[in-house]
Structure formats: C-alpha cells, structure tokens
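Visitor: Model the structure of this input:
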Amino acid sequence: MCGFRAGTLFFVMKYLFGIYQWLIAAPIILVVTILTAMLTIVASLFNRAWAGYYCTIFWARCFCWLFFVKVKVEGRENIDKHTSYVFVANHQGAYDIFSLAGYLGHNFCWMMRRALTNIPFVGIACQMSGQILVDSHSPKALKETMEYAKKRLNKGVSLCVFPEGRRTDTGKMGPFKNGAFKLAVDFNLPVVPITIDGSYEVMPRSTFNIKPGEIRIVIHQPIFPSEDGHDLKVLSQESYDVIHGSLPAKYQ
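Guide: Numbers count the residues shown, from 1 in each chain. Below is the predicted model of the structure:
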C-alpha cells in the first residue's frame, strides 16, 4: 500500500511539474532570454567584457532557478581569474551549458558555429559579446576565426569547449576531438579539464523535458605547457583521463 501511494504521489508530482515547466517556466525563460539578449547587445556597446560575462551568468542561472536545478562546484581554487585557459569538459546534456555559464566563476567565451547567429536576438547578442564564431567554409574564414580567437583569449578571458562535439546518448563519454587542444597548443595556453556529472539525469539528449536535480562540476588542476609547449596527443589523452576518472562508475 505504501509503495502504491508513493508511486501515485511521484506520478502526480511529475505531472504537475510538467505543467509548470511548459505553461509557467518556459514562457518566463523565453522572455528572460529575449530581455537578456537585448541587454547584452546594448551593454556590449559600452563594456563587452561585462556584458558577455554578467548577462550570461544571470541568463544561465535563471534556467537553473526556474527548473529547480542545483549546481555544486568543486575546485575553483585551481584557477586564477587573471589567467586565460582553455576549459574542456565532458558533454552530458543541455544543462552543461547553463551550469558552466552560470557557476564556473571565470570569464570565458564559447566557441560556436556561426550558423547559430541566425537565432533572433541571441545571435546578435553572441556576436556583440565577443563569442568565437567558427566559420569553416573556407581556409580564409577559418584563419580569420583563429586570429580573432587569439585576440580574445588574453587578460583572463578564456575559452570553453566540449571536445566530444555533441551531447552523449548514454551518459558515458565519447572520444575527444582535437580542435580545442590544437588551440591550446597554438596559443600556448594551459588546459583545465572539467568533469560534469548530473546533467544527463536533468536533461538528456533524448528529451526536452527537464527533471529537477543536482549537477556537480569538478574543476581539475590546469595542465600547463612545458618549455617546449604542449604535446597535442598527450594533452588530449591526459585531459580525457582526468575527466573520465572523476565520473561515477556507471558512466565510465
């Protein structure tokens, strides 16, 4: 009887949260996204660094607050706000973006496809706030992207990349691509591996429904280049091993 009641209560709570998610929280998030994008655009005219950092934090935290997602961060003492890094993290779900943007505590920009600038308001906000937009249609365009990235990654502004390239289908890590690590090699920047756990349960790739929960972010020790610089293969493998080793057994 107790099990039946618990099951019924769980179903009712899940149903009510679904109503809340789509009829209350989602419309609020849409309005917040538009208003934050507009604020970012205007603020970027005066202080791009401030707009890209603080406006993004507010927007990302709204996603967490409204959907009852708690984010716990470990290892902030491992990074210095005045140092530029290449942050590399595993990609469990959509909430990886909101948890890192809202709670990492370090000014960074995203590397994203230029096609995302077609999203109304958001696309212009990304351009104005200095996000690194990748255009790989021609060698010239790609070279210009890399030159822009080199200018942005200084004075404590860092880059955040998901080396897997896409969200996992199972919660387990996929192989890493070399793009982020090549940037670290070319720009001689330290790499900071980041383990994200919990976002797969909150919102996996297979659904648009969100489940309240807790996301754990572990900021590992930076991997600094040696006197001769980074070794690309070693750097990628070491980052993978560190991130993978901090995941629960079920995702290893």
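
Visitor: Excluding chain neighbours, what is closest to residue 45?
Guide: In space, and not counting its chain neighbours, residue 45 is closest to residue 128: 7.6 Å by C-beta to C-beta, 6 or more residues apart in numbering. Backbone N, C-alpha and C define where each C-beta goes, glycine included.

Visitor: Where does pLDDT dip in the chain?
Guide: 1-7, 136 (pLDDT under 70).

Visitor: can you give me the strands for it?
Guide: In the chain, the strands defined using DSSP state E lie at 69-74, 86-89, 108-113, 132-134, 158-161, 191-197, 213-219.

Visitor: Could you list every helix and strand that the second one packs against?
Guide: Spelled out, that is strand 86-89. The contact analysis (3 or more C-beta pairs under 8 Å, 6 or more residues apart in numbering; DSSP states H and E) places strand 86-89 against helix 95-103, strand 158-161, helix 179-187, strand 191-197, helix 232-245.

Visitor: residues in contact with the residue nearest to the spatial centre of the chain?
Guide: By C-alpha atoms, centre = their mean, the chain has its centre lying nearest to residue 97, at 3.1 Å. Neighbour list for residue 97: residue 60 [criterion: C-beta atoms under 8 Å, 6 or more residues apart in numbering].

Visitor: how about a cut-off of 7 Å?
Guide: Listed by C-beta atoms under 7 Å, 6 or more residues apart in numbering, residue 97 has no contact partners.

Visitor: Can you give me the distance of the closest residue to residue 219 other than its chain neighbours to residue 194?
Guide: Sequence neighbours aside, residue 75 is the residue nearest to residue 219 in space, at 3.6 Å (criterion: C-beta to C-beta, 6+ apart). When distance is defined by C-beta to C-beta, to the nearest Å, residue 75 is 9 Å away from residue 194.

Visitor: Neighbour count: the two, which is higher?
Guide: Between residue 75 and residue 194, counted using other C-beta atoms under 10 Å, the more crowded position is residue 194 (24 against 15).

Visitor: State the distance from the residue nearest to residue 45 to residue 97.
Guide: 19 Å.

Visitor: what does residue 161 give?
Guide: Separation of residue 161 from residue 97 (C-beta to C-beta): 12 Å.

Visitor: Can you pull the phi and psi angles for residue 227?
Guide: phi -60, psi -30 (degrees, to the nearest 10).

Visitor: ok, back up a step: kindly reformat the strands of the chain as TSV and extend each row with distance to residue 173.
Guide: Formatted as TSV, the strands of the chain follow (distance: least, C-beta to C-beta, whole Å):
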stretch	distance to residue 173
strand 69-74	19
strand 86-89	10
strand 108-113	19
strand 132-134	22
strand 158-161	14
strand 191-197	10
strand 213-219	14
